[in-house]
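# generate coordinates for the sequence data below:
(one chain, ligands or ions: 1)
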Amino acid sequence: MSADWVCGSCWHKHSDGWNDCPRCGKFEPRPIILTIHGNPVTQKNSRQLVRIPGKHGERLMSVAPPEVKQWHRAALLQLKAQAAQLGASGLGDEKHLLGTTVIAYLGKGQHLDADNIAAAPLDALQKAGIILNDYWCCPLHIYRERDPVRPRVDIGLAPYREGKE
Ligand SMILES: [Zn+2]
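Have a look, this model is predicted:
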C-alpha cells in the first residue's frame, strides 16, 4: 500500500497518512483526487437482456450495455495514468479506512439514481489497483451534480480514522 499523502495543515508530504503529521502533529490529510472523464454510468438497472441462440433454442442473458463497457475501459486507462502520477496503489484495509467522496457530474439529459452512482467508479478504482477492495471505502459520500460541458466523476480518497473526519 502506498501513496504520497500531504498534510492539509502544513503541506508536509508523508507516506503514512493514517498517522498524525510528523511535522505539525495534526491529522488533516488532504484527499487524493481522481477524475474519470465522460458521462457517468451505473452498473445496476442498466443491464440489458439479449437473446443468445443455442442448440436447445434461445436463452436470455443479461449483459452490460456497450456504453457501460466502454466507460469501464476508458476509466481504467484514465485511473492507471493518474495512479502512476500520484504513486497510489493498493490502498485500504481494515486498519486503513478510506474516507471516500464520489461526485458524479451528469452530462446533458442524464438521469441516474444517486444510490447507484458509486458502484462503477469504486469498481474501476479496484480494477486499476488503486484500492484493494471497495469494502474499505468508508465512510462513503455520494453527490450528484450536473456539468453538461465536462461530464465526469471526481473521486476523493483520504485516510480515515474512526471518530476523526
Ligand atoms: Zn502537518
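
# any idea how far the nearest residue to Asp115 once chain neighbours are set aside lies from the ion?
Leaving aside its chain neighbours, Asp115 sits nearest to Ile142 (7.6 Å; criterion: Cβ to Cβ, 6 or more residues apart in numbering). Every residue, glycine included, has its C-beta placed from N, CA and C. Remark: distance between Ile142 and the ion (Cβ to the ion, to the nearest Å) = 29 Å.

# for the longest helix belonging to the chain, which positions count as buried?
As assigned by DSSP state H, the longest helix anywhere in the chain is helix 66-86. Going by neighbour count (16 or more other Cβ atoms under 10 Å), the buried part of helix 66-86 is 68, 71-72, 75-76, 78-79, 82-83, 86.

# ok, then the element right after that helix?
The first helix or strand that comes after helix 66-86 along the chain, using DSSP states H and E, is strand 97-106.

# for that following strand, buried residues please.
Judged by neighbour count (16+ other Cβ under 10 Å), strand 97-106 contains these buried residues: 97-106.

# these also near the ion: which ones?
Near the ion, judged by Cβ under 5 Å from the ion, there are no entries from the buried residues of strand 97-106.

# one step back: tell me the secondary structure of the residue nearest to Asp115, please.
Taken by DSSP: H, G, I helix; E, B strand; the rest coil, the conformation at Ile142 corresponds to strand.

# that one and Ala120 touch, don't they?
No. Here Ile142 does not reach Ala120: they are 11.9 Å apart, not a contact under Cβ atoms under 8 Å.

# out of those two, which sits in the more crowded spot?
With other Cβ atoms under 10 Å as the criterion, Ile142 and Ala120 differ in neighbour count, and Ala120 comes out ahead with 25 against 15.

# all set, thanks.
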